[in-house]
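Participant: kindly return the folded structure for what I paste below:
(one chain, ligands or ions: 1)
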Amino acid sequence: MTELHLWLRHEVRTTERRTPIVPPDARRLVDSGVTLTVEESPQRIFPVDAYEAAGCRVAPAGSWVSAPAETVVLGLKELPDEPAELPHRHIFFGHAYKRQPQAADLLWRFGRGGGKLFDLEYLVDDDGRRLAAFGFWAGYLGAALAVLRHRGRLRTPLTPTDKDTLDETLRPAPGDEEFTALVIGALGRSGRGARAAFHTAGIEPTCWDLEETRDLDRKALLAHDVMVNAVLATTPVPPFLREGDLDEPARRLGTLCDVTCDVGSPLNVLPVYDRTTDWTDPARRLREQPPLDLIAIDNLPSLLPEESSTDFSAALLPPLLTFGVGGPWGRCLDRFRQACRELGVVEGESCDV
Ligand SMILES: NC(=O)c1ccc[n+]([C@@H]2O[C@H](COP(=O)([O-])OP(=O)(O)OC[C@H]3O[C@@H](n4cnc5c(N)ncnc54)[C@H](O)[C@@H]3O)[C@@H](O)[C@H]2O)c1
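Facilitator: Prediction:
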């Protein structure tokens, strides 16, 4: 039995319908002795009643700020801008270890409050493999949106759906022109998802991973009609595309989907745009002649909230059941401390695990 008190928070982003823990897995946590408080959340794909029926406590949206000090706050995406000091332990995707624009602000909030970030992106097994990730569904949606845009069938604003409905729209229709597609990072989770979506759409993409980009052939890249970037960059590499490449007269590339969305980071392999796109305006025109559209949405899996949450929750449950010192959580904490040191963030009162 564990004395862990987890607090599943409401996501502030109104389009975020995913959850890291689905009700059946919430029940398994409760049955294992975890106290699980779940905030009310109007947009979460599973109603709060389903959590209550699984034995969870219910609390108002945003009430984690006054949760008991020993509580571990669980979420997915960004915290609200307030409070300025974060005294709790938090589990979520902080996007703060690659010198992203908001990184220092977030880490200083932890530094001032004495709290800790267990960043889900860095929750890895002994071999460094991610334990819980949304990559497959990010890639699936990235490729799906790129196909729909390329075929002139992308309906906006985007709204969450389910896989069967999405697949209906993806299948080729009579009169659809054939086109070529490239997936970079094809061997990873997102890459596999992208390939699966292309397959549903009747397209067999060219697949590149580390081997094929070592000596990058930009001409070959630009000769594809559609490209999906799904790499996980960990060290800087030469950009796959630079501004000047977009003006290459022989460019066929007309739809570019950046699943990676490292915009603003020194690790960005596509420094040809300066801000992400969103569900209201998913595609932005980068060039007119010939047209080149960019899709760079950083919460793609939320468009299939039930499927992506269910897979993620199944993967997160085992490590949550052993939350504590050492193992994957210890590595997460080490990575947090390293990031704080790199940015000169001084830890305040500590709240040690
Ligand atoms: N847009 C979204 O909503 C969303 C959601 C989830 C994940 N992501 C992002 O998608 C990216 C991929 O995530 P993942 O889970 O698929 O990672 P992953 O580790 O499973 O796969 C990444 C792949 O990229 C390859 N790669 C790395 N550097 C490369 C290079 N220079 N050239 C070619 N291939 C290279 C790796 O070999 C690997 O096969 C990450 O940056 C992640 O943050 C975005």
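Participant: these two touch, right, Asp87 and Pro68?
Facilitator: For residue 87 the amino acid is Pro, not Asp. No - counting by Cβ atoms under 8 Å, Pro87 sits too far from Pro68 to count as a contact (10.6 Å). Quick note: C-beta positions are derived from backbone N, CA and C, even for glycine.
Participant: so for these two, which residue has more residues nearby?
Facilitator: Just comparing Pro87 and Pro68: by other Cβ atoms under 10 Å the higher neighbour count belongs to Pro87, 19 against 10.
Participant: the helices in the chain, which residues?
Facilitator: 23-31, 48-53, 103-113, 135-150, 163-170, 189-200, 210-213, 218-222, 305-321, 327-342 (DSSP state H).
Participant: turn these into a markdown table, including mean pLDDT and mean neighbour count.
Facilitator: Shown next, in a markdown table, are the helices of the chain (pLDDT from 0 to 100; neighbours: other Cβ atoms under 10 Å):
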| stretch | mean pLDDT | mean neighbour count |
| --- | --- | --- |
| helix 23-31 | 98 | 19 |
| helix 48-53 | 98 | 17 |
| helix 103-113 | 95 | 20 |
| helix 135-150 | 98 | 27 |
| helix 163-170 | 97 | 15 |
| helix 189-200 | 98 | 24 |
| helix 210-213 | 97 | 13 |
| helix 218-222 | 98 | 16 |
| helix 305-321 | 97 | 20 |
| helix 327-342 | 95 | 17 |
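Participant: can you list these in a markdown table and add distance to the ligand?
Facilitator: Rendered in a markdown table, the data for the helices of the chain read as follows (distance: least, Cβ to the nearest ligand atom, whole Å):
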| stretch | distance to the ligand |
| --- | --- |
| helix 23-31 | 20 |
| helix 48-53 | 24 |
| helix 103-113 | 14 |
| helix 135-150 | 3 |
| helix 163-170 | 15 |
| helix 189-200 | 3 |
| helix 210-213 | 4 |
| helix 218-222 | 11 |
| helix 305-321 | 9 |
| helix 327-342 | 15 |
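Participant: to Gln289, which of the ones you listed lies closest?
Facilitator: With Cβ to Cβ as the measure, helix 218-222 is the member of the helices of the chain nearest Gln289 (14.4 Å).
Participant: so how far is that closest one off the chain centroid?
Facilitator: Relative to the centre of its chain, helix 218-222 is centred 27 Å away, using Cα atoms, centre = their mean, to the nearest Å.
Participant: for the closest residue to the ligand within the stretch 101-250 of the chain, give me its contacts.
Facilitator: Going by Cβ to the nearest ligand atom, the ligand is nearest to Gly188 of the stretch 101-250 of the chain, at 1.8 Å. Taking Cβ atoms under 8 Å, 6 or more residues apart in numbering as the criterion, Gly188 is in contact with Gly135, Gly139, Asp209, Ala230, Val231, Leu232.
Participant: before we move on, the earlier item: got the helices of the chain as JSON lines, with distance to Leu79 columns?
Facilitator: Output for the helices of the chain, formatted as JSON lines (distance: least, Cβ to Cβ, whole Å):
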{"stretch": "helix 23-31", "distance to Leu79": "21"}
{"stretch": "helix 48-53", "distance to Leu79": "20"}
{"stretch": "helix 103-113", "distance to Leu79": "8"}
{"stretch": "helix 135-150", "distance to Leu79": "21"}
{"stretch": "helix 163-170", "distance to Leu79": "30"}
{"stretch": "helix 189-200", "distance to Leu79": "25"}
{"stretch": "helix 210-213", "distance to Leu79": "34"}
{"stretch": "helix 218-222", "distance to Leu79": "37"}
{"stretch": "helix 305-321", "distance to Leu79": "18"}
{"stretch": "helix 327-342", "distance to Leu79": "15"}
